[in-house]
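K.L.:
Following is a predicted model, sequence given first.
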Amino acid sequence: MVMLFMVVLTGATIGTAIGVNPIWVIGVLVTTAFAPRQLGIVAVSLMDLARPAGNNPGAGGGVKSEILLIPEDSINWNAFPDRSADGITITSIPLKTGKYMKRFYMTDDVIEPSQKKIKGGNVDSGGWEISLKGFHPGWGDAVMSWIALNGYSFKGCIIFRNCADGKKYLIGEPCNVVHIDDIQSKWGSSVEKERGHEIVFTSKQSKPLAVFTGAIVYDPTSASW
C-alpha cells in the first residue's frame, strides 16, 4: 500500500509539472512498478527426449572396476573449464605440474553410481547429490593404510567409466567437491561372504553428473595397477 501511495503521489506530481494528465502518468508508473518479471532466469528451449537406442537401454551394471580419484589440491581450479552448451560435457581437467589421476580398484558388478535432485529452502535453491558406492576386497595393508590416511580427508573429483563403450563420467565441481561419506569394513564369517570395505563417495553440487571427454592422466611411475 505504501508503494502504491508513493506511485500515485509521484505520478500526480510529474503530471502536474509537465502539463500531462496525472492519471495517464500514474497508469504508466503502476504498470512499470507492479508488472511481473523473472530476474536472473535464462530461457532454455525444452527439447524432445526419445527412447534410447538398443534392446535393453535401461539395464544397470557395467561400470569399469578402475575408478579414478583426483585430489582437490592436484587440480588447477583457476583453469577449470565451463560445461559445454549441452549442459553436461567437460572437455578437460587441468592438473597442476607433476600431479596425476589416482587409480582405485573396486570389484566388478557392485559399483553403483547414483544421482538425485535435492530440494532447497525455496524454488530458487537446491542442487544435486551424486554418489558412487563400491567395494574394495580384502584387508591388506595397502587398503588399510589408504583408509587411515584418506578415509576422512579425501576431497576432490571422481571419474568412472562405462566398460562397454568407455564413456567417462565426472563427479565434483569447483567449490563442491567429492568427499567420503561412509566406509563399512566387513570380515565375512565364511568364504562365500565378502571381506573388504564398502566405500561411498558423495558430492552435493549445483549441476548434475558431467560427461568427461578429456584424457586420463596416469602417474607413469605408479606400480599400483
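P.N.:
Ah, there it is. Numbering: from 1, shown residues only.
K.L.:
Tally up the residues packed near residue 141, please.
P.N.:
Counted with other CB atoms under 10 Å, residues neighbouring residue 141 total 8. Heads up, the C-betas are built off the backbone N, CA and C, glycines and all.
K.L.:
which helices and strands does the lengthiest strand in the chain pack with?
P.N.:
Of all the segments assigned as strand in the chain under DSSP state E, the longest by residue count is strand 126-137. Using 3 or more CB pairs under 8 Å, 6 or more residues apart in numbering; DSSP states H and E, the elements in contact with strand 126-137 are strand 112-119, strand 196-205.
K.L.:
Please report the distance of the nearest residue to residue 110 once chain neighbours are set aside from residue 206.
P.N.:
Closest residue in space to residue 110, ignoring its immediate chain neighbours: residue 135 at 4.7 Å, by CB to CB, 6 or more residues apart in numbering. The spacing between residue 135 and residue 206, counted by CB to CB, to the nearest Å, is 29 Å.
K.L.:
Same question for residue 171.
P.N.:
Residue 171 is 13 Å from residue 206, where distance means CB to CB.
K.L.:
And the two? Which one has more around it.
P.N.:
Counted by other CB under 10 Å, residue 171 and residue 206 do not tie: residue 171 has more neighbours, with 26 against 11.
K.L.:
The more buried one is in contact with residue 178, isn't it?
P.N.:
Yes: taking contact to mean CB atoms under 8 Å, the distance of 5.4 Å between residue 171 and residue 178 places them in contact.
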